[in-house]
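Enquirer: Mind folding the following:
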Amino acid sequence: MSLISNPHDKLFKQIWSDRETARDFLANYLPGEIIKLIDLNTLEIRKDSFIEPNLTEFFSDLLYSVSFGDQSGYIYLLFEHKSYTDKTTALQLLSYMCNIWKLQIKQERLPLPVIVPLVLYHGREKWNGSNDLSHLMRGTHKQLLAYIPDFSFIFIDLSEYSDDRIKGAILSRAGLLLLKHVFTPGYEKKLPEIFSLLRTLLEKQTGLQYIETIILYILNTAESITVSDLKNMVEKNLSTDQGEMIMTLAEKIKQEGIQEGIQEGIQEGIRQGLIEAIEMGLHLRFGAEGYRIMPDIYRIEDINVLRAVKEAVKNVKTLDEIKIVINR
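Expert: Below is the predicted model:
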């Protein structure tokens, strides 16, 4: 429906950069023993991002400073919007945490602060990874354990939460429900419930900004619903004024796409279509093991190479043969 790239990142950053929403989210989803240590009234959002440029399509992040009793520290929230389980998430987290500590050292701030890592996941596939670093190593002699770094991270897989278990303030609940259902069949059937939740935001001046963000997200992700259908749904479950706003936003998206270059949008659309076809083909041919090479697929910018990989998936017998096509 639009040419806006990575709508998941935009929704995540807009909602969870709001201090009150972040406090509410952490209060509801951090483990109880951590909540007892934290003074959420001290929470502040930091502007730094630690995601490598080539991974921004798959991850978003936010860093919150907070007091743990008598010491300061951080909560690092990593939002993973891949469509498959990445078993190296703990290693990526370690890299980001080291970058946070390096920043502290550059500012001559010692001792190093505690960082509590938290991962929010909403992929199509049920998560089957581990939430500790040592799980990536196997057969390690106990004499070597003292030399191996290890840590665990708090993991939230939205697919494991029923709708009535998604708690918190209106904005946080609406955002989590959208992220939970965006990849599921019948996504549009959940929208009336979400719009009904947003009614109370109409009373707040800043609430209109978040309603616009949510509607933009839906316009960019709901493939099976027309702008007209969405307008009627909003007017019925939210308000007439917001229904009219949808037409304005849809036109805004269209004009932005024209200004940025329609051809670029078409090329990216072709690329995404090929990637999705490859992902489906890998799953059909090799099961969950096929997802192992998806990071390599996502890095391919050349459409001709993607076409060659798509054809190879139909005919090869092993994943190694596909890697040969990728690396030509």
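Enquirer: Per-residue confidence, Gly257, what does it come out as?
Expert: With respect to pLDDT, Gly257 has a value of 51.
Enquirer: just Leu198 next, same as before
Expert: The model's pLDDT for Leu198 equals 84.
Enquirer: hmm, who's touching the helix or strand harbouring Asn28?
Expert: Per DSSP states H and E, Asn28 falls inside helix 19-29. For helix 19-29, contacts defined as CB atoms under 8 Å, 6 or more residues apart in numbering pick out 15-16, 35, 38, 40, 43-45, 62, 64, 75, 118, 154, 156, 167-169, 171-172, 175. Yep, even glycine has a C-beta here, placed from its N, CA and C like the rest.
Enquirer: Buried ones among those?
Expert: 15-16, 38, 40, 43, 62, 64, 75, 118, 154, 156, 168-169, 171-172, 175 (16 or more other CB atoms under 10 Å).
Enquirer: among the residues you listed, which are in helices?
Expert: Ile15, Trp16, Leu171, Ser172, Gly175 (DSSP state H).
Enquirer: got a markdown table for those residues, with distance to Ile275 too?
Expert: Output for those, formatted as a markdown table (distance: CB to CB, whole Å):
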| residue | distance to Ile275 |
| --- | --- |
| Ile15 | 27 |
| Trp16 | 27 |
| Leu171 | 31 |
| Ser172 | 31 |
| Gly175 | 26 |
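Enquirer: what's the most distant pair in these?
Expert: With distances taken as CB to CB, the most widely separated pair in those is Trp16 and Leu171, at 9.4 Å.
Enquirer: Show me the contact partners of stretch 275-289.
Expert: 83-85, 125, 128, 290-291, 293-294, 297-298, 306, 309-310, 313-314, 319, 322.
Enquirer: What mean pLDDT does that stretch get?
Expert: 82.
Enquirer: Return the distance of that stretch from the chain's centre.
Expert: 21 Å (CA atoms, centre = their mean, to the nearest Å).
Enquirer: Next, the buried residues of that stretch.
Expert: The neighbour-count check on stretch 275-289 (16+ other CB under 10 Å) flags Ile275, Ile278, Glu279, Gly281, Leu282, His283, Arg285, Phe286 as buried.
Enquirer: so which of the residues you listed comes closest to Thr89?
Expert: Glu279 (18.4 Å).
Enquirer: sec struct for that closest one, please.
Expert: Here Glu279 is recorded as helix under DSSP: H, G, I helix; E, B strand; the rest coil.
Enquirer: ok, which stretches of the stretch 51-200 of the chain are helices?
Expert: Here the stretch 51-200 of the chain has its helices, by DSSP state H, counting those that start in this stretch, at 89-106, 170-181, 191-197.
Enquirer: Now do the first one: which elements does it pack against?
Expert: Counting contacts by 3 or more CB pairs under 8 Å, 6 or more residues apart in numbering; DSSP states H and E, the secondary-structure elements packed against helix 89-106 are strand 59-68, strand 71-80, strand 114-121.
Enquirer: got the ones you listed as TSV, with distance to Phe195 and mean pLDDT columns?
Expert: Putting those into TSV (distance: least, CB to CB, whole Å; pLDDT from 0 to 100) gives the following:
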stretch	distance to Phe195	mean pLDDT
strand 59-68	24	90
strand 71-80	23	90
strand 114-121	23	92
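Enquirer: so how far is Glu52 from Arg271?
Expert: Arg271 sits 20 Å away from Glu52, going by CB to CB, to the nearest Å.
Enquirer: Comparing the two, which shows the higher neighbour count?
Expert: Arg271 (16 against 12; other CB atoms under 10 Å).
Enquirer: I'd say that one and Ile303 touch.
Expert: Yes - counting by CB atoms under 8 Å, Arg271 touches Ile303, with 5.7 Å between them.
Enquirer: Excluding covalently adjacent residues, which one is nearest to Gln71?
Expert: Val114 (7.0 Å; CB to CB, 6 or more residues apart in numbering).
Enquirer: dump the residue contacts of that neighbour.
Expert: Here Val114 is in contact with Phe68, Gln71, Gly73, Tyr74 (criterion: CB under 8 Å, 6+ apart).
Enquirer: Can you report how many residues lie near the last one?
Expert: Burial of Tyr74, expressed as a neighbour count using other CB under 10 Å, amounts to 20.
Enquirer: From Leu158, how far off is it?
Expert: With CB to CB as the criterion, Tyr74 and Leu158 are 23 Å apart.
Enquirer: repeat for the second one
Expert: Distance of Gln71 to Leu158, given as CB to CB: 31 Å.
Enquirer: out of the two, which sits in the busier spot?
Expert: Comparing Gln71 with Leu158 by neighbour count (other CB under 10 Å), the higher total belongs to Leu158, at 18 against 10.
Enquirer: looking at it, the more buried one is touching Leu176, isn't it?
Expert: Yes - between Leu158 and Leu176 there is a contact at 6.3 Å, judged by CB under 8 Å.
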